[in-house]
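Engineer: Test case, fold it:
(chains A, B, C and D)
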Protein chains: 4
Amino acid sequence: MAYNLLKGKKGIIFGALNDQSIAWKVAERAYDEGARFVLTNAPIALRMGTINQLAEKCEAKVIPADATSLKDIDNLFRESMDILGGKIDFILHSIGMSPNVRKGIDYDNINYEYYHKTLDISAFSLHKILSTARKHDALNEWGSVVALTYVAAQRTFVGYNDMADAKAILESIARSFGYIYGREKKIRINTVSQSPTHTTAGSGIKGFEKLEDFAERMSPLGNASADDCADYCVTLFSDLTRKVTMQNLYHDGGFSSMGMSLRAIQQYEKSFEECEPQ
Amino acid sequence: MAYNLLKGKKGIIFGALNDQSIAWKVAERAYDEGARFVLTNAPIALRMGTINQLAEKCEAKVIPADATSLKDIDNLFRESMDILGGKIDFILHSIGMSPNVRKGIDYDNINYEYYHKTLDISAFSLHKILSTARKHDALNEWGSVVALTYVAAQRTFVGYNDMADAKAILESIARSFGYIYGREKKIRINTVSQSPTHTTAGSGIKGFEKLEDFAERMSPLGNASADDCADYCVTLFSDLTRKVTMQNLYHDGGFSSMGMSLRAIQQYEKSFEECEPQ
Amino acid sequence: MAYNLLKGKKGIIFGALNDQSIAWKVAERAYDEGARFVLTNAPIALRMGTINQLAEKCEAKVIPADATSLKDIDNLFRESMDILGGKIDFILHSIGMSPNVRKGIDYDNINYEYYHKTLDISAFSLHKILSTARKHDALNEWGSVVALTYVAAQRTFVGYNDMADAKAILESIARSFGYIYGREKKIRINTVSQSPTHTTAGSGIKGFEKLEDFAERMSPLGNASADDCADYCVTLFSDLTRKVTMQNLYHDGGFSSMGMSLRAIQQYEKSFEECEPQ
Amino acid sequence: MAYNLLKGKKGIIFGALNDQSIAWKVAERAYDEGARFVLTNAPIALRMGTINQLAEKCEAKVIPADATSLKDIDNLFRESMDILGGKIDFILHSIGMSPNVRKGIDYDNINYEYYHKTLDISAFSLHKILSTARKHDALNEWGSVVALTYVAAQRTFVGYNDMADAKAILESIARSFGYIYGREKKIRINTVSQSPTHTTAGSGIKGFEKLEDFAERMSPLGNASADDCADYCVTLFSDLTRKVTMQNLYHDGGFSSMGMSLRAIQQYEKSFEECEPQ
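Structural biologist: Purely as a prediction, here's the structure:
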């Protein structure tokens, strides 16, 4: 079902790898809602993934850009405005990677060079995107920027490693820049804190499936899927949420407000059952 | 601009007094978006206000109901389902009143009978609405309930009196019932924490105008108006936000995430200027 | 080990029932630290419990008081100042009771008269204590008030029922009155959000033991005991924490900042193991 | 007044520059309370400041260490254990510096190399201290680590620049490492979120004095001083707060829980007064 919520709007969507990606689903939904946009990802991700299928489906151009490179981002904005014929209305930031996680290095033995790299990719990239946009005056008034995050920024999850810190600073950047860009150009910047999601990135986390099961049972509405997230992002890009800014918005079926559910504690209780001799 | 976001949806809207009311604006927007609904308010509010104009404009019935009376709420749901021809999809709770505030009784000398009354009207009413709806199985799956609140539930504002406590417990009720109603029927329940708003209720608070000015200067996007709030509520009633529940959602132009803005501190600095002899 | 942290300080301790009570442990520790105080509880609790043993041990008077009765609280302050020879320096509020929980009434079918009673006992009692103290000017400057609470005020726990709402409004009252009493008399008011604790009250909650086990495995330092809580309260009553006010202080071995621990998820995983045929 | 709260405890205190420093006050108070400790700071800070006076007064050794250098931190722990004759019980992290702030570079035009440097100095230093301590098994069970932070990590303050992001990630590191070090060795790690304080670092922030005035009027107990902070840190290093971990503890006279105070709004109102012609 489509509503033309983004009719006439122009966007840039970062981070679609394959059809498991949240960014992929956001692109599909944004297209359905009448938006036109540019797709972008790091050159290596473009090679590994299947973004061209998405581009075709959404009538979108793909512009390669390393989100840690000011030069690439600069080029991305120039080309995007050129292609789309004017200023940008919305941006999705769905970028995160930790070399420490990738290489299985524990948080307490972290490699600090990698740590900087985690932040460069997962958090500073948002700052670079925003400051580049601002330099080019590339966003229309009341433009909307959404970055995806996870509740690990507030509460510690075993194995989430330095991505927890990366998400914490990502959310801080959204606030810090949200103030500046809001007062000047009415740009709103929010983070969406999403349920554990079966993406290529998500599934890579150790113990992901048991955590996903626990979250599913804890959340009264169950985990939010990538499709659900796409729907939600569409509302945040639309003109109907203009006064929401500098917020971290939980989109998680209620998980973040739960201490203990009946379904989760019942499952937990089973762990104490002894096998009976037969 | 309308999108048919609420096409075919049925609702009950509590709390429209006159065209300053947030509930009034929500009704207008919901109507534009294709919803049909019942309007309700306390009998005395119906007499004092101008709700019939709204009803006419929105092709809505008005059903009087004291939101503290289980009997009235019971009747309201029966009649509403009758009029609308089926189960309800959304509810707006925009109800708040403190006899202590009305009578100018300070928080430290509060009248405890009035205190209970403040909670009865401003918070328990939400519980009664939800438990009555549940008894009648009156809400459709994925139904959405929104209650309006204020940041005074988290931070103390001089003069807000026992309404701060009422909003704190209102938000707690939204979570507590959100869990139960979510796991059973996929109903989602959220509170929207709105900027200080020029309604009949809001303007009654002592020092409201200076506070509003301060909030305006603190918020990078400025205060959110009743119209803005109506837009936002529409997204929360729509199918696009199905996995958002048990949340307190700030709709305030960024105020809640600000510590100090340039505009507010510059104004504040002026307060120290001496008048020069001329 | 004692430090004389409360030497010369006078207090009132609400809520000691038996030697499982947190209030009991606080009294013992306060006594060790040089404080003198009055013990109080509802007449029925005095009969059911063993408070006289505590009173003897701590050289304290017991003054019966129903914490919902302004008259009783008024009398309590008069007598306490009389017995202790002057103004009060610290108050512990460890009071909570829900008739709905007691009678096994589910939250969605709550009895509203009982609901008011839950709040009267568990939350308004703090307001009444504070407003009575203020009327008598019964607290010394920099006096410290601590009320015990639980994380259910922020996150929903199955079975915690209307006590969740009661704790939410208790914490709001601590803030609201903390502002007024702070600006006037430098009184500080905080809530301590304690781990699930094996008290007579705590153990009464349905499924308490499984929840306690889960909390123990989630908390890196394990659950905080009543003894631990007593130690912590002593620091909050002392002169070393004078600028801490209007805060909700988690004392829970880290539980509130955890999303998932290794120990908890490992236990959870066991619940999926099948018994093997033998 | 001293209580022997830290009798027999051994510590390392980072960040004392001169007698305005919070770390300086903490050292004085820890000494009064019976602790022995090592003082440390960056070589340049040792030259600029007057730490030797403090060392003499507290009978403490000074060991230079650049808190961004693993080698220096490694050496610091070795020497400290040597000098103090065993493992460490408490650590104060009072380190923060932003080259962007120093050089007056605005947040939206930030230098990213400096940004990394801000984090290296102000946040990663905590991680390096903890991971080094853990490698050497240098902390006693129930050891306590406190890092100083500011509410800018939660709410945006104009001019606080990338230090806001640095404090956000600092608090995240305290949680992330608090989980690991807690489950293994019962080490607790907290951050103290302090009022704006008249230190050499604090006073350097643009518009510091007006902000300090505003905070003073907003906080019911007034701003917390460096001396107040030292008192509070002593309680957090003591054995009385053993189950408090992974928390961000506001020590700010109530500021963080205020929306608007009477004193602040009265001052604010004066800014609208017109000078009368004379």
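Engineer: and residue A:95, backbone torsions?
Structural biologist: Torsion angles at residue A:95 (phi, psi; degrees, to the nearest 10) stand at phi -130, psi 130.
Engineer: From residue A:131, how far out is it?
Structural biologist: Remark: distance between residue A:95 and residue A:131 (CB to CB, to the nearest Å) = 16 Å. Glycine gets a C-beta too; all of them are placed from N, C-alpha and C.
Engineer: higher neighbour count, these two?
Structural biologist: residue A:95 (24 against 21; other CB atoms under 10 Å in any protein chain shown).
Engineer: How much space separates the residue lying closest to that one once chain neighbours are set aside from residue C:185?
Structural biologist: In space, and not counting its chain neighbours, residue A:95 is closest to residue A:15: 4.9 Å by CB to CB, 6 or more residues apart in numbering or on different chains. As judged by CB to CB, residue A:15 and residue C:185 stand 55 Å apart.
Engineer: Then residue A:97?
Structural biologist: Distance of residue A:97 to residue C:185, computed by CB to CB: 54 Å.
Engineer: Let me know the angle separating the helix or strand where residue A:180 lies from helix D:162-185.
Structural biologist: Residue A:180 belongs to helix A:162-185 when assigned by DSSP states H and E. Relative orientation of helix A:162-185 versus helix D:162-185 (axes from the mean of the first three to the mean of the last three CA atoms, to 10 degrees): 160 degrees.
Engineer: List the buried residues in helix A:162-185.
Structural biologist: A:162-183, A:185 (16 or more other CB atoms under 10 Å in any protein chain shown).
Engineer: That helix close to chain B?
Structural biologist: Yes - against chain B, helix A:162-185 shows contacts by CB under 8 Å from any CB of the partner chain at A:175, A:178, A:179, A:180, A:181, A:182, A:183.
Engineer: Quick one: mean pLDDT over that helix.
Structural biologist: The average pLDDT within helix A:162-185 is 98.
Engineer: Output the contacting helices and strands for that helix.
Structural biologist: helix A:99-102, helix A:112-119, helix A:125-135, strand A:139-149, strand A:188-194, strand D:156-157, helix D:162-185 (3 or more CB pairs under 8 Å, 6 or more residues apart in numbering or on different chains; DSSP states H and E).
Engineer: Excluding chain neighbours, what is closest to residue A:261?
Structural biologist: Closest residue to residue A:261 apart from its sequence neighbours, by CB to CB, 6+ apart: residue A:218 at 5.0 Å.
Engineer: Next: residue A:67.
Structural biologist: In this structure, residue A:67 finds its nearest non-sequential neighbour in residue A:125, 3.7 Å apart by CB to CB, 6+ apart.
Engineer: Distance check, that neighbour against chain C.
Structural biologist: Distance, residue A:125 to chain C, by CB to the nearest CB, to the nearest Å: 24 Å.
Engineer: which ones are touching that residue?
Structural biologist: Residues counted as contacts of residue A:125 (CB atoms under 8 Å, 6 or more residues apart in numbering or on different chains) are A:14, A:67, A:68, A:93, A:95.
Engineer: Flag every residue of the stretch 1-150 of chain A that's near chain B.
Structural biologist: Residues of the stretch 1-150 of chain A lying close to chain B (CB under 8 Å from any CB) are A:1, A:3, A:4, A:5.
Engineer: Would you convert these into TSV that also reports distance to residue D:265 and pLDDT?
Structural biologist: TSV is the format used below for the residues of the stretch 1-150 of chain A next to chain B (distance: CB to CB, whole Å; pLDDT from 0 to 100):
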residue	distance to residue D:265	pLDDT
A:1	48	77
A:3	43	98
A:4	44	98
A:5	40	98
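Engineer: which of the contacts of residue A:125 tops the neighbour count?
Structural biologist: In the contacts of residue A:125, the most neighbours by other CB under 10 Å go to residue A:93, 27 neighbours.
Engineer: Pretty sure it sits against residue A:133.
Structural biologist: No - taking contact to mean CB atoms under 8 Å, the distance of 11.4 Å between residue A:93 and residue A:133 leaves them out of contact.
Engineer: can you pull out the helices in the stretch 1-150 of chain A?
Structural biologist: Ranges of helices within the stretch 1-150 of chain A are A:22-32, A:43-48, A:51-58, A:70-84, A:99-102, A:112-119, A:125-135, based on DSSP state H, counting those that start in this stretch.
Engineer: The last one vs helix D:162-185, what angle?
Structural biologist: Taking the same axes, to 10 degrees, one finds that helix A:125-135 is oriented at 170 degrees with respect to helix D:162-185.
Engineer: Please save the CA atoms from helix A:125-135 in PDB.
Structural biologist: The C-alpha trace of helix A:125-135 is given here as PDB (Å, rounded to 0.1, in the frame of the first residue of the first chain):
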ATOM      1  CA  SER A 125      30.700   9.100   8.500                       C
ATOM      2  CA  LEU A 126      27.400  10.700   9.600                       C
ATOM      3  CA  HIS A 127      29.300  13.800  10.600                       C
ATOM      4  CA  LYS A 128      31.100  14.000   7.300                       C
ATOM      5  CA  ILE A 129      27.900  13.600   5.400                       C
ATOM      6  CA  LEU A 130      26.200  16.300   7.300                       C
ATOM      7  CA  SER A 131      29.100  18.800   7.200                       C
ATOM      8  CA  THR A 132      29.500  18.200   3.500                       C
ATOM      9  CA  ALA A 133      25.800  18.700   2.900                       C
ATOM     10  CA  ARG A 134      25.900  21.900   4.900                       C
ATOM     11  CA  LYS A 135      28.900  23.200   3.000                       C
END
